[in-house]
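# sequence plus predicted model, see below.
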Amino acid sequence: MKKIALLLIVILFSFTANAQELTWHTDMAKASELSIKEKKPMLLFFTGSDWCGWCIRLQKEVLQTPEFEKWAKENVVLVELDFPRRTPQDETIKAQNYQMQNMFQVRGYPTIWFVSPEKTDEGKMNLKGLGSTGYVAGGPTKWLDGASKIVANK
């Protein structure tokens, strides 16, 4: 009986932990609509998730911290634009990511662009660049200070 109760508690906590995690979108169209609806800029994270050492370091030191999670929920819609080497990726997502890479002239990883989407009268989506950053040494506080200054440009 104790094992069943313990198992139920573990399952309950795992659901609670998952419910609090950040949502990283991969579909630009859906993320843009959400950004407009919530009146928040988008954070576009250009990464090589399975090979880029600096990307992995940025994830561990900033993007996976409680400070970033709190800041992101209040300030931005998160979008991951991944360029993996070993992990399979849907062709539609791959094409979208390369289009975004070309649009923002991303030449290295990690690169983070903050953008504000705007819908035109014709129903097309324009992305207004607010600024960009990458890996910043100094942990989440220093990175978030720079990101907050960029987001303030909206």
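Arrived safely.
# was I right about Arg86 contacting Asp50?
Yes: using C-beta atoms under 8 Å, Arg86 makes contact with Asp50 at a distance of 5.0 Å. C-beta coordinates here come from the backbone N, C-alpha and C atoms, glycine included.
# of the two, who's got more company?
Counted by other C-beta atoms under 10 Å, Arg86 and Asp50 do not tie: Asp50 has more neighbours, with 13 against 7.
# distance of that one relative to Gln89?
The spacing between Asp50 and Gln89, counted by C-beta to C-beta, to the nearest Å, is 10 Å.
# what's the answer for Asp27, then?
For Asp27, the distance to Gln89 equals 13 Å [C-beta to C-beta].
# who touches both of the two?
The overlap between the contact sets of Asp27 and Gln89 (C-beta atoms under 8 Å, 6 or more residues apart in numbering) is empty.
# now do the same contact list for Ser125.
No, residue 125 isn't Ser; it's Met. Residues in contact with Met125 (C-beta under 8 Å, 6+ apart) are 29, 32, 117-119.
# quick check: the two most widely separated of the residues you listed?
Taking C-beta to C-beta as the measure, the contacts of Met125 span a maximum distance of 14.0 Å, between Ala29 and Glu118.
# hang on, Val62 is in a helix, isn't it?
Yes: per DSSP: H, G, I helix; E, B strand; the rest coil, Val62 lies within a helix segment.
# I'd say it and Thr141 touch.
No: using C-beta under 8 Å, Val62 is not in contact with Thr141, being 9.4 Å away.
# and these two? Which one has more around it.
Neighbours were counted for Val62 and for Thr141 using other C-beta under 10 Å; Val62 has more, 23 against 10.
# measure the more buried one to Met42 for me?
As judged by C-beta to C-beta, Val62 and Met42 stand 17 Å apart.
# what do you get for Thr23?
12 Å.
# who touches both of those two?
When contacts are counted by C-beta under 8 Å, 6+ apart, the set common to Thr23 and Met42 consists of Leu78.
# and the two? Which one has more around it.
Taking neighbours as other C-beta under 10 Å, Thr23 and Met42 compare with Met42 leading, 23 against 11.
# ramachandran angles for the more buried one?
phi -100, psi 140 (degrees, to the nearest 10).
# for the helix or strand containing Ala95, packing partners?
In this assignment (DSSP states H and E), Ala95 forms part of helix 91-103. Where contact means 3 or more C-beta pairs under 8 Å, 6 or more residues apart in numbering; DSSP states H and E, helix 91-103 is packed against strand 42-47, strand 77-82.
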